[in-house]
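Trainee: here are the coordinates; sequence isn't available:
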Ligand code: 5GP
């Protein structure tokens, strides 16, 4: 069965898209630790990030770098933290999270509740900065 992220890539499930190209897709995490918390995925459905072949893997991180540069232009923060967990959704993804302290990367922290308008506004602003 297709992963929830494959369904997002295909547009079968809505997402707040940040950027995409032929191989990669970036969108806001629906349960964000911070405003601008973004997931970057390969469109090809591969569960474990370290099973991705080298070219696609390198490209994923280069794509994530461009997304991070766009996020930091929009969300005031010390820097963009990056982590890979993957215990919930079996489709490789990188978390990009605007942070000011190490605690901002703690997934046990309560998630933000944002309105649809807030998600749309954040996504639109980051999309504009993506190059
Ligand atoms: P992980 O697999 O890295 O432990 O966590 C998966 C992440 O995907 C979580 O932060 C969760 O909020 C996010 N997530 C799960 N389902 C959806 C979804 O349908 N849409 C979006 N945008 N994010 C999701």
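Mentor: Here it is on my side, so go on. In this text the structure is predicted, and so the values were computed from the model without any measurement. Numbering: from 1, shown residues only.

Trainee: so residue 95: helix, strand or coil?
Mentor: The local conformation at residue 95, judged by DSSP: H, G, I helix; E, B strand; the rest coil, is strand.

Trainee: which pLDDT value belongs to the closest residue to it other than its chain neighbours?
Mentor: Taking Cβ to Cβ, 6 or more residues apart in numbering as the measure, residue 95 lies nearest to residue 83, with 4.9 Å between them; neighbours along the chain are not counted. All C-beta spots, glycine's among them, are computed from the backbone N, C-alpha and C. If you check residue 83, the pLDDT there is 98.

Trainee: how much space between residue 83 and the ligand?
Mentor: From residue 83 across to the ligand, the span is 8 Å (Cβ to the nearest ligand atom, to the nearest Å).

Trainee: could you pull out the helices for the chain?
Mentor: 4-9, 54-74, 116-129 (DSSP state H).

Trainee: export those helices as CSV, with columns for distance to residue 19 and mean neighbour count.
Mentor: CSV is the format used below for those (distance: least, Cβ to Cβ, whole Å; neighbours: other Cβ atoms under 10 Å):
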stretch, distance to residue 19, mean neighbour count
helix 4-9, 12, 19
helix 54-74, 6, 17
helix 116-129, 7, 16
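
Trainee: quick one, which of those helices is nearest to the ligand?
Mentor: The ligand lies closest, by Cβ to the nearest ligand atom, to one member of these: helix 4-9, at 4.9 Å.

Trainee: contacting residues around residue 28?
Mentor: Counting by Cβ atoms under 8 Å, 6 or more residues apart in numbering, residue 28 makes contact with 15-16, 18, 36-39, 119, 122-123.

Trainee: and for it, nearest residue in space, chain neighbours not counted?
Mentor: In this structure, residue 28 finds its nearest non-sequential neighbour in residue 16, 4.0 Å apart by Cβ to Cβ, 6+ apart.
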